[in-house]
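Novice: Task: produce atomic coordinates for the following.
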Amino acid sequence: MSQVNITVREFADSYKDIIGSGPDNQCSIDLINQARIIAYPLGLWVGLEVYRRISVVNGTFLLPYDLETIKGAKDWSGQSLNVTNVSYEDYCTCCGGSVLTRIEGRVYSPFTPSGLLPVSFRNANRRDNGVQIRVVYLDTFGSMHDETLEVNQLTETRLIHIPHTIKRISKPTTAGIIEIKECKNVVGYIYPVEKSPVYTLYCIQGHCVGSICINAKKKYIPYTLDDTEEILDINPEALTSFIIAIKAKLKRDSGWMSEYSQTVKFGKEFLEKELLNERDTSIGTHPVDYTNYFYDSLLQNSNQ
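Specialist: Here you go, the predicted structure:
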């Protein structure tokens, strides 16, 4: 979250004269999302970098759906891991130590089927009763199946066959998470905003089990009217500038390109200043007052 800790609703309400409508209007949310799209590619700002504890199983883990790229990682002892996008074999020809590397290709399921147990789905929020989930998978005999399941909160809905490989899962935006089970064990979740989940698989050489801590950049996920109580992830003053830029672009008046570039530049300066404040350890500290009577008394005692 930004150093200025306000919700999406508070932001939209405070700046409704600039946005043009209040927090309960879809147009406001759309405009805020368009402005966030400008900010995300410009850099790693305060609010876009998060820290997360990740469980490692057999030396691998899936990057959570809401994270885009890993910027750094440490193991349980605090030792930094080498993070690279090249293959481990290529990397370790000149470097040593534990290496965290991204495996090429995409994973379309938040878990790896064992190929031995039946798989079922259940929704956690009763508002999602009746939601349909489409699952494309290969069974243990290599046959392709395309099933559409209707989930329910009280009972689990099971795939007809035991899956060996999940090729695709798709669903609409839901009110809550969708729970995935192998037999009676929960093996994964599909989060509300995930319509067609795609995950990145990472491998850690020299670290087979346990957990690591990563710092990563957040993935851009649009706000909805259900997210107005979420904490705004971009500095509000910077976001306001980007909103003005978007409105200039939409109007396309004479000189709009100049206005657009200037307001984007202005917003970026806000983000850069906030990032500097976040990293500057001198902010909020004061030098010791050497005229303090208590300090003076200690000095006098030491001189005696």
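Novice: Tell me the spacing between Tyr189 and Asn235.
Specialist: Counting by CB to CB, to the nearest Å, the gap from Tyr189 to Asn235 is 31 Å. Quick note: C-beta positions are derived from backbone N, CA and C, even for glycine.
Novice: Hmm, I typed the wrong one, I wanted Arg126.
Specialist: Taking CB to CB, one finds Arg126 at 37 Å from Asn235.
Novice: okay, these two: which has more neighbours?
Specialist: Counting neighbours by other CB atoms under 10 Å for Arg126 and for Asn235 shows that Asn235 has the greater number, 22 against 11.
Novice: the helices in the stretch 51-200 of the chain, which residues?
Specialist: 88-91 (DSSP state H, counting those that start in this stretch).
Novice: Which stretches in the stretch 201-304 of the chain count as helices?
Specialist: 236-251, 256-279, 293-303.
Novice: ok, residues contacting the first one?
Specialist: Think helix 236-251. 2, 4, 6, 11, 14-15, 18-20, 31-32, 34-36, 38-39, 232, 234, 256, 259-260, 263-264, 266-268, 270-271, 274 (CB atoms under 8 Å, 6 or more residues apart in numbering).
Novice: Distance from that helix to the middle of the chain?
Specialist: 23 Å (CA atoms, centre = their mean, to the nearest Å).
Novice: could you give the angle of it to helix 256-279?
Specialist: 160 degrees (axes from the mean of the first three to the mean of the last three CA atoms, to 10 degrees).
Novice: OK, contacts around Lys167?
Specialist: Lys167 neighbours (CB under 8 Å, 6+ apart): Tyr108, Val136, Tyr137, Leu138, Met144.
Novice: Can you read off the pLDDT for the closest residue to Ala238 other than its chain neighbours?
Specialist: Nearest non-adjacent residue to Ala238, counting by CB to CB, 6 or more residues apart in numbering: Phe270, 3.8 Å away. Note on Phe270: pLDDT of 92.
Novice: Relative to Thr112, how far out is Phe270?
Specialist: From Phe270 to Thr112 the distance is 43 Å (CB to CB).
Novice: Comparing those two, which residue is more hemmed in?
Specialist: Phe270 (21 against 16).
Novice: Would you map the strands across this protein?
Specialist: 49-56, 60-63, 67-74, 82-84, 99-102, 119-123, 132-139, 144-150, 157-158, 163-170, 178-182, 185-190, 200-205, 210-218 (DSSP state E).
Novice: And these, which one averages the lowest pLDDT?
Specialist: Taking the mean pLDDT of the strands of the chain, strand 82-84 comes last: a mean of 80.
Novice: Any buried residues in it, and which?
Specialist: Asn82, Val83 (16 or more other CB atoms under 10 Å).
Novice: surely Lys71 meets Val50?
Specialist: No - using CB atoms under 8 Å, Lys71 is not in contact with Val50; the gap is 9.9 Å.
Novice: any shared contact partners between those two?
Specialist: Jointly contacting Lys71 and Val50 under the rule CB under 8 Å, 6+ apart are Asn215, Ala216, Lys217.
Novice: To what extent is the last one buried, counted in neighbours?
Specialist: Read it as Lys217. With other CB under 10 Å as criterion, Lys217 counts 17.
Novice: That one pairs with what?
Specialist: Beta-bridge partners for Lys217, by DSSP bridges, are Glu49, Thr69.
Novice: give the contact list for it.
Specialist: So Lys217 contacts Leu44, Leu48, Glu49, Val50, Leu67, Glu68, Thr69, Lys71 (CB under 8 Å, 6+ apart).
Novice: again, only using 7 Å
Specialist: Applying CB atoms under 7 Å, 6 or more residues apart in numbering, one finds that Lys217 lies in contact with Leu44, Leu48, Glu49, Glu68, Thr69, Lys71.
Novice: what about burial for those, which qualify?
Specialist: By 16+ other CB under 10 Å, the contacts of Lys217 give Leu44, Leu48 as buried.
Novice: Any stretches of this structure with poor pLDDT?
Specialist: For the chain, residues meeting the criterion pLDDT under 70 lie at 1-2, 85-97, 206-209, 281-304.
Novice: Just the C-alphas of stretch 254-264, formatted as CSV.
Specialist: Only the C-alpha atoms of stretch 254-264 are listed here, as CSV (Å, rounded to 0.1, in the frame of the first residue of the first chain):
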residue,chain,number,x,y,z
SER,A,254,-6.1,20.5,-29.2
GLY,A,255,-2.8,20.0,-27.3
TRP,A,256,-4.0,16.9,-25.4
MET,A,257,-0.8,15.0,-26.0
SER,A,258,1.3,17.7,-24.3
GLU,A,259,-1.2,17.8,-21.4
TYR,A,260,-1.1,14.0,-21.2
SER,A,261,2.7,13.8,-21.1
GLN,A,262,3.0,16.6,-18.6
THR,A,263,0.5,15.2,-16.1
VAL,A,264,2.0,11.7,-16.4
